[in-house]
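Peer 1: how would this look folded up:
(chains A, B, C and D, ligands or ions: 4)
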Amino acid sequence: MKNLKSFFEQILRIRMVEETIAERYSEQEMRCPVHLSIGQEAIAAGACSAVTTNDYAMSGHRSHAHYLAKGGSLKAMIAEIYGKSTGCCEGRGGSMHLIDRSAGFLGAVPIVGSTIPIAVGTALTSQLDHKETVTLAFFGEGATEEGVFHESMNFASLRNLPVIFICENNLYSVYTSMEPRQPMHREVNLQAIGHGVEAHQADGNDVEEVYRLVTAASLKARAGDGPTFLEFKTYRWREHCGPGYDNHIGYRSPEEFEGWKTLCPLDRLRRRLKAENLLTETLEENLRQKIRAEIEDAFAFARSSPFPDSSTMTQYLFA
Amino acid sequence: MKNLKSFFEQILRIRMVEETIAERYSEQEMRCPVHLSIGQEAIAAGACSAVTTNDYAMSGHRSHAHYLAKGGSLKAMIAEIYGKSTGCCEGRGGSMHLIDRSAGFLGAVPIVGSTIPIAVGTALTSQLDHKETVTLAFFGEGATEEGVFHESMNFASLRNLPVIFICENNLYSVYTSMEPRQPMHREVNLQAIGHGVEAHQADGNDVEEVYRLVTAASLKARAGDGPTFLEFKTYRWREHCGPGYDNHIGYRSPEEFEGWKTLCPLDRLRRRLKAENLLTETLEENLRQKIRAEIEDAFAFARSSPFPDSSTMTQYLFA
Amino acid sequence: MSRILKYCEAILEATDLSLEKNPSVYLMGLGVPDPKGIFGTTTGLQEKHGSHRVFDIPISENGLTGVAIGSAITGKRPILTHQRLDFALLAIEQMVNQAAKWHYMFGGQASVPIVFRMMIGRGWGQGPQHSQALHSWFAHIPGLKVVMPTTPHDAKGMLISSIEDNNPIVFLEHRWLHNIPGPVPEGYYTVPLGPIRIAREGADITILANSIMTLEALRAAEILEKQGIHAEVLDLRTIAPLDREGIKNSVKKTGRLIVTDIGHHSFGIGGEIISSLIEEDISIFKTSPSRISLPDFPTPTSHALAKDYYPRYPHLVVAALKQFGIISSLKEFETDNLRPSDIPDSSFTGPF
Amino acid sequence: MSRILKYCEAILEATDLSLEKNPSVYLMGLGVPDPKGIFGTTTGLQEKHGSHRVFDIPISENGLTGVAIGSAITGKRPILTHQRLDFALLAIEQMVNQAAKWHYMFGGQASVPIVFRMMIGRGWGQGPQHSQALHSWFAHIPGLKVVMPTTPHDAKGMLISSIEDNNPIVFLEHRWLHNIPGPVPEGYYTVPLGPIRIAREGADITILANSIMTLEALRAAEILEKQGIHAEVLDLRTIAPLDREGIKNSVKKTGRLIVTDIGHHSFGIGGEIISSLIEEDISIFKTSPSRISLPDFPTPTSHALAKDYYPRYPHLVVAALKQFGIISSLKEFETDNLRPSDIPDSSFTGPF
Ligand SMILES: Cc1ncc(C[n+]2csc(CCOP(=O)(O)OP(=O)(O)O)c2C)c(N)n1
Ligand SMILES: Cc1ncc(C[n+]2csc(CCOP(=O)(O)OP(=O)(O)O)c2C)c(N)n1
Ligand SMILES: [Mg+2]
Ligand SMILES: [Mg+2]
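Peer 2: Numbers count the residues shown, from 1 in each chain, chains lettered A, B, ... in the order given. Ligands and ions are numbered 1, 2, ... in the order given. Next up, the predicted model:
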């Protein structure tokens, strides 16, 4: 088992990065949609801790946590959100298109479900090349409504590919609950069973459980025993897109939100660490300071970086 | 239970129609691809016998049996295959695009899986209008590999729609066995369970069993209790597309074919009827004569019908 | 007639009236009944017309397009929304193979009255996958009509016409038009699908524009007016069927043409228009016509890159002057570069 | 150089050589290893190169396109086949949103070397859903290259170039070309993507054709020759990037242009070509250019309807003569109406 403290640090770091984005968004310098992952960080942290830098991960519109947990450069991410030439896509992508190939984060795009088959394709390469690489495909429960998710599951199951499907079930797609989207009489992960893929449902705010399940799935995948589907229940705290909260607009209740806040993955881990005497206020404060410094650095970097010259718009059309 | 003799007559009629098409195809007057249903007729006959003319059915490339069993005009079908103006699409569709709205056969098209969501949409109309109509969606096991099949299942399950998914599992898609297409460790119908849809697997060459299952599913659908998925195992005798046989070209063994021939749905029913003293050689011969006459009539009608004038090509672009 | 509504309100009203008038009409799409109501175009409709006629759906673009078709061939008149055209690329098979061809391929036996409402995104980092305008694609497909109103007046009247039409209609709304106000008559009225709208009369040069580019063209015309050039601005509010006559009449008069489009340049709609004119009349142009459209690159996300990606009125002015032999530069006409180029108006502060 | 192969054999050989040369190349598609081997273009490849490099797939066009992309960004060079372009409409999202834009939107960090081989159907009742040629769509999308060879020589050389290319390539094969023989060099060679091929030189009129229409254009040129008109036939074997220079050079010489295309007329590729020329040079045409393409209807199935749906060489002859002021009728040039119009050659007897 990985160090609990490293989980804590990862979750805290993601949380602080996201909160900083939220705070500063109103400065109107991050001029692109942002889908924050606050409340859902434990899944990214637990899952990415269970694999190595050589392994792959891909994600969708809500990808900051996955990118960071996988080891993507914070500076390049913030610069990308600022639209700068030092961004991870040199400004061509923004928050919804993160990539850091050196960290094995092969890309995120905002078309719901679309990186799922692509992730499966990276696993095909691993299998063809007899590499031990495992691919993590991160997506929301909404993505399982897309046909391409099922085509991907079928192919991964059929070919026994080393891919782990990590479904963050945060109960909503934008402002829409599950009710008009999926049958209430079956759990999301049952869809995987339909494809003959081993499936589990677990608490996505329990980083240790996430880590345990992804570790098992990756061992299995590396052994050539195929894909696993993991459904993690969690909750998005902030508005679907943007820096604020949206519990007041009517699609979900403030009570529901408050209820989930008590299940905060960070608080939970803090309590656990404190109970085991692994964390003190001072330790946490030191950690926060370190992270704060890193974040300030990244924002300073982003701010001071040059904008891409608009004439470079023509670059990268063809390889 | 419907009259066993009527099942026999239906299957025999479909068989004889298909065989006549096969026989005469080499005359080069049926100038379009044909996907014959010989060997699979019991599913069409059993399923369509379980519903009424007011109910709907839709299908794909291999639709002759479904169209005929649902009560589609034989003349209009043969004329369509001959490319004549009296055809069910006035020559615009051919064998792969059958329709007879007066019989509730709302259409068949040759893009694999594409009528499945359309069939679900017809069931949505029935539900919205509080009609007791049930829709039969016929397709092959290959169509379950298309994402749109899953999107359709999810929506039908979610909305409890009066649609019956009838999957004819004939083991092949064109010349490809299941092996490179679907995981062997799960049955086709398990996919329906994944969507919370009641599913059954049964012998598709047993018309009584088909009838029983579709009757139950339609009662359930009419009662507002939602969709059912039925997987019927069967076998296509002729080549995937065209009038001949293709057991010699190497993708399946002549032995496999011979094995399935012994499970012929028509022979099986004949034995059953004879055992119950419901059929004699003479009775069958009379039946054949009657059907033969109907078929000759239809072919004569098709042959003597005029071709559409090529200037009418411009008709029907917009409604 | 002097009642002022925003474009989004005009869409809302057209939908409301259509739901009221015809019980076969229903409306579905991701987020249709949610608090944001598709940029304010569907707000309150579920409460008013019931959840059997106005409802949210799963994220299954292709499947739900098929569902719309199935309900259409059994008597319904669905309106299906896509918050971005880019998402509808998942539904191309059903739209193009099925909806567009159904009436034709089945010999006219069943029609497919569906309105596909799709939004075209722009600005605030929408980027490569939230900003595509593929009207030229749809216009290339026999059996589809493609509608793209610019004004609130037309948005309402043409949406009603589209809902009344018995064919599949691709109805495209530019995100930057939704909050623009304009006069909208009360009650139920239609604006026919097909004819161009003469947004401004002039005899010297024709600027054929569509959607948001019509507004840029009108600004360009004002500037040109000051130079003594009377530009005629045509609003190509229907891409297919194309009003070839209406376009020809204007160009016959002016002898000069700029086609400006919100789609990519190459193999876009401008080629069709210019080519059709010259095929019919070799001497219709006094000088080479021009096309001002999006460059042949995906939309970059950073506003620093996107600012010169989207052509605006100065590009039209420069192109027009060039047709009169006057060489000018964009900078001469950039009067409003105080407003950032990635927002529709100063009230917009993100995030979507 | 005098070795004769059929087009399908040229494709097979190109694939075989590429699989041999580059271990990253692999080939997948419905029926790839089956007894028919995609119209003879993949026969024997699985036996030779193994089932890890040549394999059949589920009927999941969109998903497998994503799989191809995923493998491409991790070092593979997939070739994905579609037995009909019409089926690939299910995969548009992955092709257009993802494959075409990947390199651009991620700042050039990963390329997507994929060849999408798609067949364009025709004849023997292929009908509305098995015969679409949507090259103008793909050509409109920045980031895609669109290749459409006519001869076996080019089929081999351009397929090898496509496989070597680091970008997503839409490689279109007309079903009626597969059995046509022609000289094909031995061994590994490339034909560059881009430049047009001058299929026949002439100074009087340019006939710009593609795919199977190039053959019709050559027949038309022969007939025109007899009338003293020397037609230049250009084979537009690459639609995107478009060889604007090559086209211009020919039209500058001849002053006359017919664009003939296997796609629908409106908003097709002809408009782009004609329009680009006139934009650059208002006096390039001596007379109105013309487009001969498919009418704006879905393909009807019955041969009785389809026979006048597809333009053939007489249409080109009549259009060419018209540009010289000579009015003629199609019938004058119908020399081969003994062969039914719905088959590629007399050996074809159905069913597919
Ligand atoms: C194909 C497609 N359809 C619709 C959208 C609009 N959209 C953006 S995010 C989102 C919600 C997806 O929900 P889920 O997958 O559960 O992810 P979450 O936002 O909850 O993390 C939707 C519908 C899209 N981006 N792509
Ligand atoms: C979307 C699509 N992909 C591929 C094809 C080619 N195709 C025609 S029939 C067929 C076989 C489908 O198999 P199945 O659904 O099991 O039906 P069967 O032929 O066995 O009755 C295929 C792949 C097609 N028509 N449409
Ligand atoms: Mg969600
Ligand atoms: Mg089958």
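
Peer 1: residues in contact with the residue most central in space within chain C?
Peer 2: Compute the mean C-alpha point of chain C, and by Cα atoms, centre = their mean the closest residue is C:Met148, 2.6 Å away. With contact taken as Cβ atoms under 8 Å, 6 or more residues apart in numbering or on different chains, C:Met148 is in contact with C:135, C:171-172, C:174, C:210-211, C:236-239. Where C-beta positions appear, they are placed from N, C-alpha and C, glycine not excepted.

Peer 1: what are the ranges of the helices in the stretch 1-150 of chain A?
Peer 2: Remark: helices assigned in the stretch 1-150 of chain A by DSSP state H, counting those that start in this stretch are A:4-24, A:41-49, A:64-69, A:74-81, A:115-128, A:147-159.

Peer 1: actually chain C, not the one I typed
Peer 2: Using DSSP state H, the helices found in chain C span residues C:7-21, C:37-40, C:45-49, C:61-72, C:92, C:100-105, C:135-139, C:152-164, C:212-226, C:244-254, C:269-280, C:303-306, C:313-323.

Peer 1: Test for you: state the pLDDT assigned to the residue of chain A found nearest chain D.
Peer 2: Of the residues in chain A, the one nearest chain D is A:Gly121, at a distance of 2.1 Å by Cβ to the nearest Cβ. pLDDT, A:Gly121: 99.

Peer 1: Which residue, other than its chain neighbours, is closest to it?
Peer 2: Leaving aside its chain neighbours, A:Gly121 sits nearest to D:Gly70 (2.1 Å; criterion: Cβ to Cβ, 6 or more residues apart in numbering or on different chains).

Peer 1: okay but the one you found is in contact with A:Gln127, surely?
Peer 2: No. Counting by Cβ atoms under 8 Å, D:Gly70 stays clear of A:Gln127, with 11.6 Å between them.

Peer 1: just to revisit the earlier point, can you pull the contacts of the residue nearest to A:Gly121?
Peer 2: Counting by Cβ under 8 Å, 6+ apart, D:Gly70 touches A:117-125.

Peer 1: out of those, who's nearest D:Lys286?
Peer 2: For these, the minimum distance to D:Lys286 (Cβ to Cβ) is 51.5 Å, reached by A:Ile118.

Peer 1: So, low pLDDT: which residues of chain C?
Peer 2: Low-confidence segments of chain C (pLDDT under 70): C:1, C:336-338.

Peer 1: Kindly recompute the last result at 90.
Peer 2: Applying pLDDT under 90 to chain C flags residues C:1-2, C:334-341, C:345-352.

Peer 1: and what of the stretch 51-200 of chain A?
Peer 2: Judged by pLDDT under 90, the stretch 51-200 of chain A has no weakly predicted residues.

Peer 1: Turn the helices of the stretch 1-150 of chain A into CSV, including mean neighbour count and distance to ligand 1.
Peer 2: Output for those, formatted as CSV (neighbours: other Cβ atoms under 10 Å in any protein chain shown; distance: least, Cβ to the nearest ligand atom, whole Å):
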stretch, mean neighbour count, distance to ligand 1
helix A:4-24, 20, 13
helix A:41-49, 29, 11
helix A:64-69, 29, 10
helix A:74-81, 27, 17
helix A:115-128, 28, 10
helix A:147-159, 29, 9
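
Peer 1: Ligand 1 contacts on chain A?
Peer 2: A:61-62, A:110-112, A:139-143, A:170, A:172-174, A:240 (Cβ under 6 Å from any ligand atom).

Peer 1: how close does A:Gly113 sit to C:Gln94?
Peer 2: Counting by Cβ to Cβ, to the nearest Å, the gap from A:Gly113 to C:Gln94 is 17 Å.

Peer 1: So which residues of the stretch 151-300 of chain A form helices?
Peer 2: Going by DSSP H, counting those that start in this stretch, the stretch 151-300 of chain A shows helices at A:190-194, A:207-222, A:254-261, A:265-275, A:281-304.

Peer 1: How about the contacts made by residue 106?
Peer 2: No chain in the question, so chain A it is. Contacts for A:Leu106 (Cβ under 8 Å, 6+ apart) come out as A:56-58, A:99, A:118-119, A:122, D:73-74, D:110.

Peer 1: nope, chain C
Peer 2: If you count contacts by Cβ under 8 Å, 6+ apart, C:Phe106 has them with B:88-89, B:92-93, B:97, B:99, B:107.

Peer 1: can you tell me which residues contact the residue of the stretch 151-300 of chain C found nearest ligand 4?
Peer 2: Proximity of the stretch 151-300 of chain C to ligand 4 (Cβ to the ion) peaks at C:Pro168, 30.3 Å away. By Cβ under 8 Å, 6+ apart, C:Pro168 lies in contact with C:95, C:99-100, C:112-114, C:116, C:143-145.

Peer 1: separation between it and D:Gln132?
Peer 2: For C:Pro168 relative to D:Gln132 (Cβ to Cβ), the value is 16 Å.

Peer 1: again with C:Leu90
Peer 2: C:Leu90 is 18 Å from D:Gln132, where distance means Cβ to Cβ.
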